[in-house]
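Asks: Please find the sequence and the predicted model below.
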Amino acid sequence: MFVHRAGFHVVVVYRPGSCGVTQSFFDDFSDMLERLTTFSSPLIIVGDFNIHVDDATNTQAGKLIDLLSCHNLRQHVTSPTHEHGHSLDLLITRDDQIITMLPVDTPLLSDHLFVVAEYDCLPMSTPSTGFRHVRNWRGLDVNAFAADLQGSELIATDIESGIDCYNTTLRALLDKHAPTELKRVTTSRPLSARWYDRECRDVKRQTRKLERKFRRLRTVESQTAWRQQFDSQRQLYPRKFTSFWLDTVNSCERNPRALWRAEYSLLEPPPQRSSDKLSAEQFARFFREKVESIRLSTASADPPVIATRHVTPLSCFVPTTVTEVVKLLKTTPAKSCIELDPVPTWILHLSSHQLSAICASCP
């Protein structure tokens, strides 16, 4: 569903109250939730579940709440929704979605009350087109770059002039071998989980195909084929999820910042965007209050005890060697800042032998 270009999934559930709550219902509901987890868009599940979720002693209600918790979902209705009591009609969303519950209206057309809530449908990030200065890294001749770097005049009489000469020379060589070009770029927001690849889509497409076949034929053979395919899909998704995040974390072994970002995105989903704008005064007030609260909480604490240690003073520096500089450059984390670094880190790794002699000879 799309409202003002904001996309989200809405699911309507009805479980007849004349039938008891069975394990089959929880199995089907769990299967549906597993399908919905492949989408990153907001989720809204509404309907008449006919389960007394307001009764803390109800085992079926506890089972439903535990199932929602396993999928990072939250149930918002806390008041009775039936004229005879109990919360039967539920409103379920993801944990990070902001829902404002309004007073439940009295029943008019049925014996169920009218549940009303407000949800801020923020516009979904649509593909945007702009212009950006980019370099053709694939067209960079690394050998020619290294040869020009070898013949350049990277001479330093002190640290400051050495840094200036380093930045100026490498930027000039980069502009020569990989000049910037103004190109049109398009950015878009991913619509599914990062681990959800082509194989997952193909398996899901086959599952839906067999499901449609079963609903059309209603035979035992078509149902068996559908269930077997769906079981394969359920086994594939956890493998893909685990494999993707293991590879992602292992690839960040030498980059603590990238490792932290990967762990944060795994453990804490991106929060919902807020339509409220934070002013500079509110931003400053937050930190003033935070500092003040820390001072108040530590005002009665004992002063820190700092032990004095006697160590041998540093009296001289040992000149570095070319081998040490090469090792240091090659183990540099694969990250760079476009505004501050004259060349990307991967070029620094490839040019380590040309730069090591210059760095080792700096005074």
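Replies: The structure has been received and is ready for your questions.

Asks: which residues are in contact with stretch 70-79?
Replies: Under the criterion C-beta atoms under 8 Å, 6 or more residues apart in numbering, residues 33-34, 36-37, 43, 45, 53-54, 65, 68, 87, 89-95, 99, 101, 104, 115, 117, 269 lie in contact with stretch 70-79. From N, CA and C alone the C-beta is placed, and that goes for glycine too.

Asks: 7 Å instead?
Replies: 33, 37, 53, 65, 68, 87, 89-95, 99, 101, 104, 115, 117 (C-beta atoms under 7 Å, 6 or more residues apart in numbering).

Asks: Among these, which lie within helices?
Replies: Among the contacts of stretch 70-79, the ones falling in helices (DSSP state H) are L33, I65, L68.

Asks: Could you provide those residues in a markdown table, with additional columns for neighbour count and distance to A172?
Replies: Output for those, formatted as a markdown table (neighbours: other C-beta atoms under 10 Å; distance: C-beta to C-beta, whole Å):
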| residue | neighbour count | distance to A172 |
| --- | --- | --- |
| L33 | 19 | 57 |
| I65 | 17 | 64 |
| L68 | 20 | 60 |
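
Asks: For those residues, give me CSV that also has pLDDT and distance to W346.
Replies: Shown next, in CSV, are the ones in helices among the contacts of stretch 70-79 (pLDDT from 0 to 100; distance: C-beta to C-beta, whole Å):
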residue, pLDDT, distance to W346
L33, 87, 42
I65, 91, 50
L68, 91, 45
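
Asks: what about burial for the contacts of stretch 70-79, which qualify?
Replies: With burial judged by 16 or more other C-beta atoms under 10 Å, the buried subset of these is 33, 37, 53, 65, 68, 87, 89-94, 104, 115.

Asks: Which members of those residues are the farthest-apart pair?
Replies: Across those, no pair lies farther apart than T37 and V104, at 29.4 Å, counting by C-beta to C-beta.

Asks: Against T320, how distant is E181?
Replies: 38 Å (C-beta to C-beta, to the nearest Å).

Asks: who has more neighbours, the two?
Replies: More neighbours surround T320 than the other of E181 and T320, with 14 against 10 (other C-beta atoms under 10 Å).

Asks: From L328, how far off is that one?
Replies: On the measure of C-beta to C-beta, T320 and L328 end up 8 Å apart.

Asks: same deal with D28?
Replies: 59 Å.

Asks: before we move on, what about K335?
Replies: K335 is 15 Å from L328, by C-beta to C-beta.

Asks: now do T312
Replies: 25 Å.

Asks: Got the domain ranges for this structure?
Replies: Annotated domains of the chain cover 2-119, 128-189+315-361, 198-267 [automatic domain parsing].

Asks: Run through the protein and note the low-pLDDT ranges.
Replies: For the chain, applying pLDDT under 70 flags the ranges 1-6, 105-109, 121-128, 155-157, 187-192, 266-277, 336, 338-339, 358-363.

Asks: Mind jotting down where the helices sit in the stretch 51-200 of the chain?
Replies: Along the stretch 51-200 of the chain, the stretches classed as helices by DSSP state H, counting those that start in this stretch are 59-70, 142-150, 159-177, 198-217.

Asks: Let me have those in JSON lines, adding distance to H76 as columns.
Replies: Formatted as JSON lines, those follow (distance: least, C-beta to C-beta, whole Å):
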{"stretch": "helix 59-70", "distance to H76": "11"}
{"stretch": "helix 142-150", "distance to H76": "57"}
{"stretch": "helix 159-177", "distance to H76": "55"}
{"stretch": "helix 198-217", "distance to H76": "29"}
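
Asks: out of the ones you listed, nearest to T186?
Replies: Short answer: helix 198-217, nearest of these by C-beta to C-beta, at 20.9 Å.

Asks: helices or strands up against that closest one?
Replies: helix 220-251 (3 or more C-beta pairs under 7 Å, 6 or more residues apart in numbering; DSSP states H and E).

Asks: make it 10 Å
Replies: helix 23-36, helix 220-251 (3 or more C-beta pairs under 10 Å, 6 or more residues apart in numbering; DSSP states H and E).

Asks: So which of those is nearest K213?
Replies: helix 220-251 (5.1 Å).

Asks: got the angle between the closest one and helix 23-36?
Replies: Counting by axes from the mean of the first three to the mean of the last three C-alpha atoms, to 10 degrees, helix 220-251 lies at 50 degrees to helix 23-36.

Asks: gap between helix 220-251 and the chain center?
Replies: 21 Å (C-alpha atoms, centre = their mean, to the nearest Å).

Asks: which is the next helix or strand following it?
Replies: Using DSSP states H and E, the next helix or strand after helix 220-251 towards the C-terminus is helix 256-267.

Asks: more crowded one of T312 and L328?
Replies: Using other C-beta under 10 Å as the criterion, T312 and L328 rank with L328 on top: 13 against 5.

Asks: helix, strand or coil for that one?
Replies: helix (DSSP: H, G, I helix; E, B strand; the rest coil).

Asks: could you measure it against L140, distance?
Replies: 23 Å.

Asks: Then D231?
Replies: Plainly put, D231 is 49 Å away from L140 if you go by C-beta to C-beta.

Asks: Of the two, give the one with the bigger neighbour count.
Replies: Of the pair D231 and L140, L140 is the one with more neighbours under other C-beta under 10 Å, namely 16 against 11.

Asks: so what's the more buried one closest to, chain neighbours aside?
Replies: Counting by C-beta to C-beta, 6 or more residues apart in numbering, L140 lies nearest to A178, which is 4.5 Å off, once chain neighbours are set aside.
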